[in-house]
Each structure stands twice: as structure tokens, then as C-alpha cells.
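J.: This is the structure alone, sequence omitted:
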């Protein structure tokens, strides 16, 4: 699995690129002035958050952003966008200018050159649509290294379950990904955004990627439509 996901993979007309995501330096999460410093929590109940006994004390959401249950795939988002859409590609991506003649992409925000390497909360699909925020690449790493994971089927849906030492767990359905107007690799693969820009190229952002064979801390094109799972501080 590590070998599969860490190499460059071209699928669905060469649109999904998955490469290894280096663990970034620790840095504070930038925030919009209009958003309170504490993680925002809209009208969701305590049952929507799980204590996985992590060193950071973070709580993890029980379902994907846009989902009605733990098994529901929920919505797909391009990185830094807060609404689902009908078509996912560079021409529809919010933070770039795309030249259809040459195929070139010029980023207008999160360029990798200005020190802004983590999503602002106003650009965070979790903050806007669920509460809390999208986990950083380091926080996905914390989850992976402090829980046990197992490929499983929950109520007929395939996915990955993370179980903590206190017995609590979360289930991540294998929702696949979106490109153009199609959905690919459902049932077999899961791709979950972090809020962290990939350090080696602004084309990519870090993800948790998994199949039945295992999981990897990887990165994919920002224009892809991927799942989002929220975290929040214990309050």
C-alpha cells in the first residue's frame, strides 16, 4: 500500500495524482479576522464528536461534512472551497487562473510562496458547514499513530475504522473522489483532505488516502473533490 500510494498515480484521464506528503513544520493555523480564535461549533450535538484519547485532546467528528450518518459519503470539496459543485477541475477551481489553450495553471492564493500554508477558517469546508475545522496533516498523523485502524464494513458500507485505547472509534467511508462530473473509486478508496498545503508544490494539498490494503499520508491535486472530516478542541 505504501508503495502504491507514495508513487505518482495517474487515474481517470491522468487527473488524480497521489504522492507522499512530508510531515510539515508545526505552525499556528491562520484565521480570518471574522472568525473567533476558538474553533467554531454550529448547531451540532455532542454525539457528533468523539474523544479518541489523543495527546492533543482533539475531538473528531462522527461523520463526514455533508453526511447524515457515519456511513453516508457526504459532500465532496476541492481544497479551500466550502461548497460542493457539479464539476471538479482546474477550470472551476476557486484559487487559480486556468488557461484552457495551454493547460497552464496560475494560483491566486495558497501559492506556497507567501507563508500561507494552512487553510484560513473562512476557506475551510468543515468550519463553514459543520463546525470545528479540517485537521492538519500533523493531526491526521496523530490519529494514525495513536489508534488502530481496520478495513471494515459498517451497515453495508466499506471503509476504515480507527479505534482508540479508550474503546471509542470513528468510521471513514471509502467515498472515492470526484473529477470533472464523475465519481471514481467509491467502495475501494478513501481520500480525506487535511488543511495543509503540500510543501513541495502548490498543486497539491495533503490527504489521508486509504484502500483495503492500508493507508498513507499522501497528497493530491487541490482541484480534486475529496471528503472532509472535522476536528475541534475539547470544550
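T.: On my side now, so go ahead. Every value quoted in this text rests on a predicted model; they were computed, and no experiment measured them. Numbering: from 1, shown residues only.
J.: tell me the centre residue of the protein?
T.: residue 193 (1.2 Å; C-alpha atoms, centre = their mean).
J.: Distance-wise, check that one relative to residue 81.
T.: 10 Å (C-beta to C-beta, to the nearest Å). (Each C-beta comes from the backbone N, C-alpha and C, glycine too.)
J.: hang on, the earlier thing: if I pick the residue nearest to the centre of the chain, what's in contact with it?
T.: 77, 79, 125, 134, 205-207, 226-228 (C-beta atoms under 8 Å, 6 or more residues apart in numbering).
J.: Check for me that it belongs to a strand.
T.: Yes - assessed with DSSP: H, G, I helix; E, B strand; the rest coil, residue 193 lies in a strand.
J.: mind checking pLDDT for residue 112?
T.: Residue 112 carries a pLDDT value of 85.
J.: so what's it closest to, chain neighbours aside?
T.: Leaving aside its chain neighbours, residue 112 sits nearest to residue 202 (4.0 Å; criterion: C-beta to C-beta, 6 or more residues apart in numbering).
J.: Which residues are in contact with that neighbour?
T.: Residue 202 sits next to 107, 110-113, 222 when contact means C-beta under 8 Å, 6+ apart.
J.: hmm, 6 Å instead?
T.: Contact partners of residue 202, counting by C-beta atoms under 6 Å, 6 or more residues apart in numbering, are 107, 111-112.
J.: Can you select the buried ones from those in ChimeraX?
T.: In ChimeraX, this line selects whichever of these come out buried by 16 or more other C-beta atoms under 10 Å:
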select :107,112
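J.: In JSON lines: the contacts of residue 202, plus secondary structure.
T.: Output for these, formatted as JSON lines (three-state DSSP):
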{"residue": "107", "secondary structure": "strand"}
{"residue": "111", "secondary structure": "coil"}
{"residue": "112", "secondary structure": "coil"}
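J.: mind listing what residue 135 touches?
T.: Residue 135 neighbours (C-beta under 6 Å, 6+ apart): 194, 231.
J.: next one: residue 173
T.: 71, 73, 157, 159.
J.: Low-confidence ranges, the chain, go.
T.: Scanning the chain for pLDDT under 70 picks out the ranges 1-17, 22-46, 235.
J.: All the helices of it, residue numbers only.
T.: With helices called from DSSP state H, the chain shows them at 2-6, 125-129, 137-145.
J.: Highest mean neighbour count out of the ones you listed?
T.: With neighbours taken as mean count of other C-beta atoms under 10 Å, the helices of the chain reach their highest mean count in helix 125-129, at a mean of 24.
J.: how much space between residue 166 and residue 103?
T.: 50 Å.
J.: The two: which is more packed in?
T.: Ranked by neighbour count (other C-beta atoms under 10 Å), residue 166 and residue 103 place residue 166 first, with 11 against 8.
J.: From residue 72, how far out is the residue nearest to the more buried one when sequence neighbours are not counted?
T.: Residue nearest to residue 166 in three dimensions, not counting chain neighbours: residue 53, with 4.3 Å by C-beta to C-beta, 6+ apart. Separation of residue 53 from residue 72 (C-beta to C-beta): 26 Å.
J.: Redo the contacts of residue 193 as TSV? Include distance to residue 64.
T.: TSV is the format used below for the contacts of residue 193 (distance: C-beta to C-beta, whole Å):
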residue	distance to residue 64
77	10
79	15
125	10
134	11
205	17
206	18
207	14
226	10
227	5
228	6
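J.: Many thanks, I have nothing further to ask.
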